[in-house]
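J.: Whatever this is, show me its structure:
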Amino acid sequence: MTDAGARAAADNGRHEYMTDRAHAEGHAEERAGAWSGSWVAERLGVELTGDEALTGLLGLALRRNPKRAHLLVSNVLGKHVPQSPSVVYGHGVALGRRVRDLLGAKAAGRAVVLGYAETATGLGHSVADGLGPAPYLHSTRRPVTGVARAGGFEESHSHATSHLLLPEDPGLLAGDGPLVLVDDEFSTGNTVLNTVRALHERYPRKRYVVVALVDMRSPADAGRLDDFAREIGARVDLVTTASGTVRLPPGVLEKGQELVARHETAATDPLTDPSGRAPAAAASGTVRRVELHWPHDVPDGGRHGFTAAHRARLEAALPAMAARIAEALPAGARRVLVLGFEELMYAPLRLARALEQTVGGVAVRYSTTTRSPVLAVDDPGYAIRTRLVFPAHDDPADGPGERYAYNVAGAGFDAVVAVVDSAADTPALHAPDGLPARLAAHVPHVLLAVVPSYVPTAPHAPERPSMLPEPLRGPDFSSYAPDEVGWLLQDLSDVTLEAPTEEREEAIQRGGAHYAESLPVEYQPSEQYQELFHAALETSAARLARAVGAVTEIVLAERSPRPVLVSLARAGTPVGVLMRRWARFRHGLDLPHYAVSIVRGRGIDANALRWLAGHHDPADVVFVDGWTGKGAITRELAAALRAFEDSDGITGFDPEIAVLADPGSCVRTYGTRDDFLIPSACLNSTVSGLISRTVLRADLVGPHDFHGAKFYRELAGADLSPAFLDAVSARFPEVTDTVDAQAKDLLSADRTPTWEGWAAVERISEEYGIHDVNLVKPGVGETTRVMLRRVPWKVLARAGAGADLDHVRLLAEQRGVPVEEVADLPYTCVGLIHPQYTRGATGADGKAVTL
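T.: Numbers count the residues shown, from 1 in each chain. Down below sits the predicted model:
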């Protein structure tokens, strides 16, 4: 570039930054007289009612979301809105002090604080600081090699649901002192209920405290927390800064979606463009590193636990680190932003506050990048004025995607200090479209500070028993032939485990029991229902044979020439037997086949994995299931195998499940993606070798035992297991050519999962007011299970669905459950479990009522 060109570029750069500063000063004047929720309130008719402090704490924005168009934007959280770090930290500390006063000094000294990823990791840590010596842990969506999962829970309103708990000290959550759960807002209460339910099963305690900046529950949700507390026999308190509710007029979701679409299409200004990308002519500021000299023995946050000793060492090191940042700032800087990174909120917050206390005459602000997409509208009555978009740069477990920084462009900052952990200091961060480059298009000086990612020392592998029992086989356990399948289970046939369906449902939903701790009473099909089964089998046997052949051919071609089939008991076991039969029929292979237990929320049987690893190469193991619904077991298996690899150091197990049917588009190894009646879903044990579903209960299953199950020998007269297998196997010769063509097409096709089933489940959960994806069971197979094992509320049937639903309609008639036809349903049907079940509300006969 010529000297003149360089001067011109520099002049353009100064003009850009001066424009940003003028823009920011204009914003400051506008914000002084405008509530940052007025733009949304006026256009959608949304009302924020409650404490006077609410409008100071919250603004409103819009997002593209099938469940809720509006977004509550906190002004004091330090996520979307740059704020004084003293204000952000002060709100958390003040809440922590209120919790300490509530608990008293003795109980506060035994408390543990748990914060939620990603938005409340810094708030939770600040609450722990205010509480006193309490250790702190936050959930995370980042699995860490070498760290075993101590627990996890689901966030029912989010597609990125799985929260992992990865404490370095396995005993951190095992005490009986109060557990303090911290989130930025308390809305429906679903996330907290899911957390307490999951943790109370493993670490029961007598007291919980829920902490949030705002309590925004509706009147309908207000009593759920107290009811839940009574059911589990614990005290649950709620501490918030302010409370209120959001009143939504009819049709607000549709109006909001239309408003988002209109503004996304119309936006062109680089400060408000949803792309967040600067125009080609924008000037670029400087980017350079600043070395913090972070203390080597202090974790970067609470992902693996943060103790009082860690806090003391951090406090001692903060002044020197703040001084290094201050020294690196450009001369004359008046406005500085310290920008944290997704879950990394506490370390940047403390650095920002220390910097604020170090430099005089400089306005220091703090905010954080996020994975949450929000519409930007450059209006003083709107909470998100600008957004910058850049690619994820920490190799996230759920794959690449966009990340966002809000209200940074156009805010007149002279410098931005971007703080990331070392796991995120990657080539993607430094790419031309990475975060520093995006910032430099709007800010003259960008400093990059890297905090070392803390990874705990790998613990010694726990002691294991020298021998595990050999697999159970028929006819002693199951009605299958001994060579068809080996069950890596223990026989609990002599234990009474059955409970009435209504009692089980009530206990499960209230958190007093896990579904795997008991068994439903085995459904005894009527003569009419058995006739339906036989008719369905006759109609679909060839279709099933084609799917069995196709999925087996894909496994042989892509996974292993001699795979070890491991079916997920029990729905996967008939499919595993059929795949084994196809391999023998078509290729003369005699494949080993085992059945193992996997339990939602508790993972796969680790002792079964140890047995498999001791007898086979884990790389040859192919997990088999019957079908996918919304993909919960697919996710559960992946998380469980990561935890097993961390705890045992055994690698090679592939989490990709092979299924007969994948209507939810959750896997890439399948025979078909059609949602049709698989007759083995019509019955329980009488089509699954007379084996119950699996059981996991602490008094029956020890640390060195396989999970358990029962063999219902007394039902031998009604057993249809061999008949089902033989009917499908008999069609193998006639479908061979079709299978060859189908497998060839599948092997050349793009079979990448779209997870469209999960999206449909989320939408249905919200549309029908259930607010818990675990109570929505999509597909013919899952709907059948709801009808046979749970307390059903409704069945949604795709308009025009035919004979595949005959058995569902019959069961619905027998149980008094309404069947509602729905257009554009991605599944043939969806079963809804009663969302507020008690025997009083539903009746002792289990027939559902309309809410």
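
J.: helices or strands up against the strand ranked longest in the chain?
T.: In the chain, assigned by DSSP state E, the strand with the most residues is strand 235-247. Under the contact definition 3 or more C-beta pairs under 8 Å, 6 or more residues apart in numbering; DSSP states H and E, strand 235-247 sits against strand 47-50, helix 54-57, helix 85-103, strand 207-215, helix 224-232. From N, CA and C alone the C-beta is placed, and that goes for glycine too.

J.: try it again with 6 Å
T.: Strand 235-247 sits against strand 47-50, helix 54-57, strand 207-215, with contacts defined as 3 or more C-beta pairs under 6 Å, 6 or more residues apart in numbering; DSSP states H and E.

J.: Point out the most buried one among the ones you listed.
T.: The highest mean neighbour count among the helices and strands packed on strand 235-247, using mean count of other C-beta atoms under 10 Å, belongs to strand 207-215: a mean of 24.

J.: and that strand, what's its mean pLDDT?
T.: Strand 207-215 carries an average pLDDT of 96.

J.: ok, now stretch 470-479?
T.: On average, the pLDDT along stretch 470-479 is 93.

J.: Span of it from start to end?
T.: Stretch 470-479 stretches 18 Å from its first residue to its last (C-alpha to C-alpha, to the nearest Å).

J.: And stretch 286-295, by the same measure?
T.: Start-to-end span of stretch 286-295 (C-alpha to C-alpha) is 27 Å.

J.: tell me which residues in that stretch are buried?
T.: Neighbour-count burial for stretch 286-295, counted by 16 or more other C-beta atoms under 10 Å, picks out V287, V290, L292, W294, P295.

J.: In contact with the first one, which residues?
T.: Counting by C-beta atoms under 6 Å, 6 or more residues apart in numbering, V287 touches P436, A440, V446.

J.: Out of the residues you listed, which is nearest to L95?
T.: Here the nearest of the contacts of V287 to L95, counting by C-beta to C-beta, is V446; it sits at 32.7 Å.

J.: Within the helices and strands, which one has the closest one?
T.: Here V446, judged by DSSP states H and E, is contained in strand 445-451.

J.: who does the nearest residue to S139 once chain neighbours are set aside bridge with?
T.: Distance criterion C-beta to C-beta, 6 or more residues apart in numbering; nearest residue to S139, sequence neighbours excluded, is H163 at 3.8 Å. According to DSSP bridges, the partner residues bridging H163 are F153.

J.: Next SSE downstream of the longest strand of the chain?
T.: Next along the chain after strand 235-247, taking DSSP H and E as the criterion, comes helix 252-266.

J.: For that next one, name the packing helices and strands.
T.: Counting contacts by 3+ C-beta pairs under 6 Å, 6+ apart, helix 252-266 packs against helix 38-44.

J.: quick one: buried residues of the helix it packs on?
T.: Buried, per 16+ other C-beta under 10 Å, within helix 38-44: S38, W39, V40, A41, L44.

J.: Also stretch 307-322?
T.: Buried residues in stretch 307-322, defined by neighbour count with 16+ other C-beta under 10 Å: T307, H310, R311, L314, A317, L318, M321, A322.

J.: For G629, state which of those residues is nearest.
T.: Taking C-beta to C-beta as the measure, G629 sits nearest to T307 out of the buried residues of stretch 307-322, at 41.4 Å.

J.: Distance of that closest one relative to A134?
T.: 9 Å (C-beta to C-beta, to the nearest Å).
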